[in-house]
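Enquirer: Everything below, folded, please.
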Amino acid sequence: MSRIGRLPVAIPAGVTVEYKDNIVTVKGPKGTLSQEIADRNINVKIEGAEVHVERTREDKSVKSKHGLYRQLISNMVAGVVTPFSRSLIVNGVGWKAAVSGKKLTLNVGYSHPVDFNIPEGINITCPDQNTIVVSGISKELVGQTAATIKSKRPVEPYHSYGIRYSDEVVIMKEGKKGK
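Expert: Residues are numbered from 1 along each chain as shown. Modelled structure (predicted):
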């Protein structure tokens with residue numbers, strides 16, 4: 001059995017979890033999230049203050065989805081209590097980021113500023129000109145938004161200019177050697 005899939009998901013106080021028509025809905029103080037369970041061989045049971053994910057067959061495809069759906073439900077329960085966040089660093093001479101309304105403006109070495117429309121359910125703040133903090137209740141949406149912002153100017157390996165995650169380690173390449 002899946003080691004992750006067999007673990008129950010604890011439901012904290014103030015959070016409600018519903019399972020109806022193969023859709024898990026989690027409501028909490030920060031918002032509401034829902035996830036469709038696409039595989040009919042995965043069952044979700046809510047018993048007291050715990051959610052159990054079970055499978056009906058032992059096929060390889062069902063086993064691989066068992067732990068996935070359990071972790072997706074766990075992330076939804078965690079997200080409606082405390083939002084997820086991802087921090088990005090803008091590194092370059094004269095490069096900066098600013099938020100105005102529902103738009104993130106990046107000046108990252110191009111001849112024009114790059115505008116990024118902030119999706120629904122995501123909050124982006126810039127504590128200073130070189131830091132971007134992406135936060136929201138959906139871990140998937142936070143990660144995808146941060147990756148999209150990072151793709152606007154990937155890190156260059158010779159001088160480490162670009163947009164990177166705050167916990168990312170940039171492996172520098174060695175420059176040309178003179179004679």
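Enquirer: Output the contacting helices and strands for the lengthiest helix in the chain.
Expert: The single longest helix within the chain, with elements called by DSSP state H, is helix 60-79. Under the contact definition 3 or more CB pairs under 8 Å, 6 or more residues apart in numbering; DSSP states H and E, helix 60-79 sits against strand 9-10, strand 23-28, strand 31-36, strand 42-47, strand 50-55, helix 139-150. Where C-beta positions appear, they are placed from N, C-alpha and C, glycine not excepted.
Enquirer: 10 Å instead?
Expert: Under the contact definition 3 or more CB pairs under 10 Å, 6 or more residues apart in numbering; DSSP states H and E, helix 60-79 sits against strand 9-10, strand 16-20, strand 23-28, strand 31-36, strand 42-47, strand 50-55, helix 139-150.
Enquirer: buried residues in that helix?
Expert: 62, 65-67, 69-79 (16 or more other CB atoms under 10 Å).
Enquirer: ok so, going back, and G94, which of the helices and strands packed on helix 60-79 is closest to it?
Expert: Evaluated with CB to CB, these place helix 139-150 nearest to G94, the distance being 18.4 Å.
Enquirer: List of residues touching the closest one?
Expert: 33, 35, 71-72, 74-76, 78-79, 83-90, 97, 104, 106, 114, 116, 118-124, 132-136, 138, 162-165, 168 (CB atoms under 10 Å, 6 or more residues apart in numbering).
Enquirer: let's go with 7 Å and repeat that
Expert: With CB atoms under 7 Å, 6 or more residues apart in numbering as the test, helix 139-150 has contacts from 75, 79, 84-86, 88, 116, 119, 121-122, 132, 134-136, 163-164.
Enquirer: now do stretch 11-29
Expert: The set of residues external to stretch 11-29 that reach it, using CB under 7 Å, 6+ apart, is 32-37, 44, 46, 49-51, 73, 76-77, 80-81.
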